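Undergrad: what's the 3D shape of this:
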Amino acid sequence: MLLFDTAPLPRTDRAEAFRVAMQEAAAPCRVEHREDPGAMAARMQAWPYGSVTLLATDATRFRMVRTRRHVSRDDDAVVALAFQHRGRGEFDQLGHEQHVQGGDLMLVDMSSPYGFGCATGGGSRAVLVPLDRLGLPVDVVRRATPRLRASPLHDLVRDHLQRLADAAPELSADPGAAALGTATVELLRALVVSAAGDDRHGPAVREDTLVTRVRAHVARHLTDPALTPAAVARAHGVSVRHLYKAFAAAGASLEQEVIAGRLEAARSRLASPAGRHRPIAATARACGFADASHFARRFRAAYGMSPREWQRAAAG
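TA: Modelled structure (predicted):
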């Protein structure tokens, strides 16, 4: 959903309009422009995932500052987890300074003063999560802020956010959007506890987020034929029995989710321009199926036609 775009605005109105849009979308703050305010260009979009909001901001050079006065005027306690989609960001809060670029995540406690800027222009993507939904004390969030990179969950969570952002229009309109928001909160909670080294909340959070973390792991390794329940259990430090029990409690089946994910990946590839001319067996192998006959049976059971029939139908 488009929140703001400078394109149709008079140059003299753009800077003030951007400040107002930033305050309404994120939180009260001061916006400082690093070039002629009239020359600035900015675009902001937001998508809801249940109680979680994904905010996309693309702009020319600017810096936003949230002071104690701004914090005192805002009753909502929110945590933001962000990454740079383009350019390099500069973040500082409570003595922590960080250059945010490439695959780096940035954790912001919006109930404390902070500054964020982009000296070269660029784009950021952030999820905004109410602190009460996160279910962790704010001091745990603050301890985690400078240590995100040290957590083994960093890249997993970043990849999850990247997917939420890349497909936001479709995913946020899906019936499962609220569930995706819940999964995002769980992953963020696990990342914060891991980075903070919080032994008090660690065991409970690891257990509460096991299914969510496994699903994210499966999504990253879906096409690997070695993605077995035993391999997944080892990667998460639990027994296969415990893994099955966790999925059963969630009303789900790990094996069925893996197969469904691989089938959907194969279905998409078979319908693509390149996939329409590729051997069925090669597509099956590329999507994690070791046996082409097994793949064909599963595909027909799921979609009511053979892979070849689907390939021909997609070709028109």
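
Undergrad: how about the helices in the stretch 1-150 of the chain?
TA: Along the stretch 1-150 of the chain, counting by DSSP state H, counting those that start in this stretch, helices occupy 14-25, 68-72, 131-134, 138-144.

Undergrad: just list what the shortest one packs against, helices and strands only.
TA: Identification of packing neighbours for helix 131-134 by 3 or more C-beta pairs under 8 Å, 6 or more residues apart in numbering; DSSP states H and E yields strand 78-86, helix 138-144, helix 177-196. (Glycine included, C-beta is placed from N, CA and C.)

Undergrad: got phi/psi on Ala26?
TA: phi -110, psi -80 (degrees, to the nearest 10).

Undergrad: per-residue pLDDT, the residue nearest the centre of the chain?
TA: The structure's the chain has its C-alpha centroid closest to Leu161; by C-alpha atoms, centre = their mean the separation is 1.2 Å. Looking at Leu161, its pLDDT is 94.

Undergrad: which ones are touching it?
TA: Residues near Leu161 by C-beta atoms under 8 Å, 6 or more residues apart in numbering: Leu81, Phe83, Leu105, Arg125, Val127, Thr184.

Undergrad: tell me what the third one is bridged to.
TA: On the basis of DSSP bridges, Leu105 takes part in beta bridges with Phe83.

Undergrad: just checking, it touches Leu148?
TA: Yes. With contacts counted by C-beta atoms under 8 Å, Leu105 reaches Leu148, the gap being 5.1 Å.

Undergrad: quick check: neighbours shared by these two?
TA: Contact with both Leu105 and Leu148 is made by residues His154, Leu191, according to C-beta under 8 Å, 6+ apart.

Undergrad: least confident secondary structure element in the chain?
TA: helix 202-208 (a mean of 71; mean pLDDT, DSSP states H and E).

Undergrad: distance from it to the middle of the chain?
TA: Offset of helix 202-208 from its chain centre (C-alpha atoms, centre = their mean, to the nearest Å): 20 Å.

Undergrad: what's the next secondary structure element after that helix?
TA: Tracing the chain past helix 202-208, the next element assigned as helix or strand by DSSP states H and E is helix 210-220.
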